[in-house]
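In: can you look at this prediction? I've put the sequence above it.
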Amino acid sequence: MSTPSKIPVAVLGATGTVGQRFIALLDSHPWFEVAAVTASQRSEGKAYREAASWIQASPMPAEIRERVLRPTVPEAVAGCPLVFSALDARAADHLEAPFAEAGHLVVTNARSHRLDPDVPLMVAEVNPDHLGLLDTQSWPGGIIANPNCSTIGLVLALKPLVQAFGVRRLHVVSLQAISGAGLPGISSYQILDNLIPRIPGEEEKLESEPRKIFGRFSEGGIEPYPIAVSAQCNRVPVVDGHTLCVSVELGRKASEEEILKVWREYRSEAQRLLLPSAPQRPIHVLEGDDHPQPRLHRDLEGGMAASVGRLRSCPLLDYKFVTVSHNTVRGAAGGALLLAELAAAQGKIPGVAVPATS
Ligand code: NAP
């Protein structure tokens, strides 16, 4: 049953891996409710249950099963001030901007607008001040971009280090889950008993996005943070959860105890505002000498927390550690929901009153 006080939202690309996560996470969301779902022309006009090959562990929400998939055009989502995009990037390239032009606030997971100078590339706990870039956009609505799924885990683990000590250089090897490849995904013949040492476009994203995310926001735009990143990305036979093995050079010397302390104590505006999707602790420091592991730790705090462990000195740079985060929750739909909650709490959704935050 519809709750009139909730903000009606649309999910673009609602049938895919990330789209399904949105549908699952939006079921009983306290502020938002799904009013429209869209997909490609292949799915248009079909009931959601017919078009979506449901791969979530929770049952498909009853309200969504018979929902008819609409075309991915602004006229199909009139009445939804907030639009979540889980579109395939090639489609997002030309389909998302018209929604911003038509007055919707789009929170997107696609790469298409991430490096546009006036589009905030944000992780709610890392650079919430970049939301101010929305005011420099020329659309009546706007676009906020969620970073790449591996970038999100990386910058969450790095933020307390950047803030306390600075980070100059880092090397990262990623071990990325198959759900990151979307539907139908990589074939079992290719991935079982195997590892694929290349994910097209992924290394470039990990190497470029942190510079913008950690950049300094001033009225004119973002001044990039001077960090050099070298990334090697691999697809591995894990269903959900990306693991990153990171070596860092800090801006100033710090002890292991200082690093563990800033990780443990890190909280942000999202926690202070008690946003509905915010984890209580964005970073969990794990004690086990073989932790974190994707199967054991990807679901911490509903999949919204990053875990870190195995901190030790690095013979090449200063320190090395391992971090795990859930790629379709924290790294996609959950992260985008949290961004939208932050935007709502700051009155940035066109025509929508600020919801009560506790
Ligand atoms: P996916 O499983 O391939 O789903 C893509 C969705 O886009 C489907 O709903 C599909 O609809 C729709 N679509 C494709 N072409 C379209 C078109 N021309 N017009 C309208 N809709 C179209 O992909 P995904 O893994 O969910 O990823 C979605 C986006 O999030 C991508 O941009 C991806 O790079 C990004 N992302 C993914 C992850 C992850 O872990 N998977 C993490 C972060 C970001 P049909 O079902 O009708 O084909």
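Out: Received, thanks.

In: which residues of the stretch 101-250 of the chain lie near the ligand?
Out: 109-110, 149, 179-180, 182-183 (CB under 6 Å from any ligand atom). For every residue, glycine as well, the C-beta is placed using N, CA and C.

In: pick out the most distant pair among the residues you listed.
Out: 110 and 179 (16.2 Å; CB to CB).

In: residue 143 contacts residue 95, doesn't it?
Out: No - with contacts counted by CB atoms under 8 Å, residue 143 stays clear of residue 95, the gap being 11.8 Å.

In: more crowded one of these two?
Out: Counted by other CB atoms under 10 Å, residue 143 and residue 95 do not tie: residue 143 has more neighbours, with 26 against 22.

In: show the average pLDDT along the helix or strand containing the more buried one.
Out: Element membership for residue 143 (DSSP states H and E) is strand 142-145. For strand 142-145, the per-residue pLDDT values average out at 98.

In: moving C-terminal from whichever helix in the chain runs longest, which element do we reach first?
Out: Taking DSSP state H as the criterion, the chain has its longest helix at helix 149-164. Next helix or strand after helix 149-164 toward the C-terminus (DSSP H and E): strand 167-176.

In: all strands for this structure, in order.
Out: With DSSP state E as the criterion, the chain has strands at 7-12, 32-37, 82-85, 105-108, 142-145, 167-176, 216-218, 221-223, 228-235, 242-250, 283-285, 306-313, 319-325.

In: still on that earlier bit, counting contacts, what elements does the longest helix of the chain pack onto?
Out: Contacts defined by 3 or more CB pairs under 8 Å, 6 or more residues apart in numbering; DSSP states H and E place helix 149-164 against strand 167-176, helix 202-213, strand 242-250, helix 256-265, strand 283-285, strand 306-313, strand 319-325.

In: deepest of these, which one?
Out: Neighbour counts (mean count of other CB atoms under 10 Å) averaged over each of the helices and strands packed on helix 149-164 peak at strand 319-325, with a mean of 24.

In: in its sheet, what does that strand sit against?
Out: strand 242-250 (antiparallel), strand 306-313 (antiparallel) (DSSP bridges).

In: anything in it near the ligand?
Out: No - using CB under 6 Å from any ligand atom, strand 319-325 stays clear of the ligand, coming no nearer than 10.6 Å.

In: which residue comes closest to residue 193 once chain neighbours are left out?
Out: The shortest distance from residue 193 to any non-neighbouring residue, by CB to CB, 6 or more residues apart in numbering, is to residue 237 (7.6 Å).

In: show me what contacts residue 245?
Out: With contact set as CB atoms under 8 Å, 6 or more residues apart in numbering, residue 245 has these partners: 172-175, 320, 322.

In: partner residues bridging it?
Out: Bridge pairing for residue 245 - DSSP bridges - gives residue 173, residue 322.

In: got the domain ranges for this structure?
Out: 7-147+333-345, 149-326 (automatic domain parsing).

In: give me the distance between the two termini of the shortest one.
Out: So the one you mean is domain 7-147+333-345. End-to-end distance for domain 7-147+333-345: 12 Å, by CA to CA, to the nearest Å.

In: now do residue 331 against residue 147, distance only.
Out: Distance, residue 331 to residue 147, using CB to CB, to the nearest Å: 8 Å.

In: the more surrounded of these two?
Out: Neighbour count, other CB under 10 Å: between residue 331 and residue 147, residue 331 has more, with 34 against 27.

In: what pLDDT does that one get?
Out: Listed pLDDT for residue 331 reads 98.

In: enumerate every residue touching it.
Out: For residue 331, the contacting residues are 148-150, 152-153, 180, 242, 325, by CB under 8 Å, 6+ apart.

In: again, only using 7 Å
Out: The contact partners of residue 331, by CB atoms under 7 Å, 6 or more residues apart in numbering, come to 149, 152-153, 242, 325.

In: which residue does the stretch 1-150 of the chain bring closest to the ligand?
Out: Residue of the stretch 1-150 of the chain nearest the ligand, by CB to the nearest ligand atom: residue 16 (1.9 Å).

In: cool, thanks, talk later.
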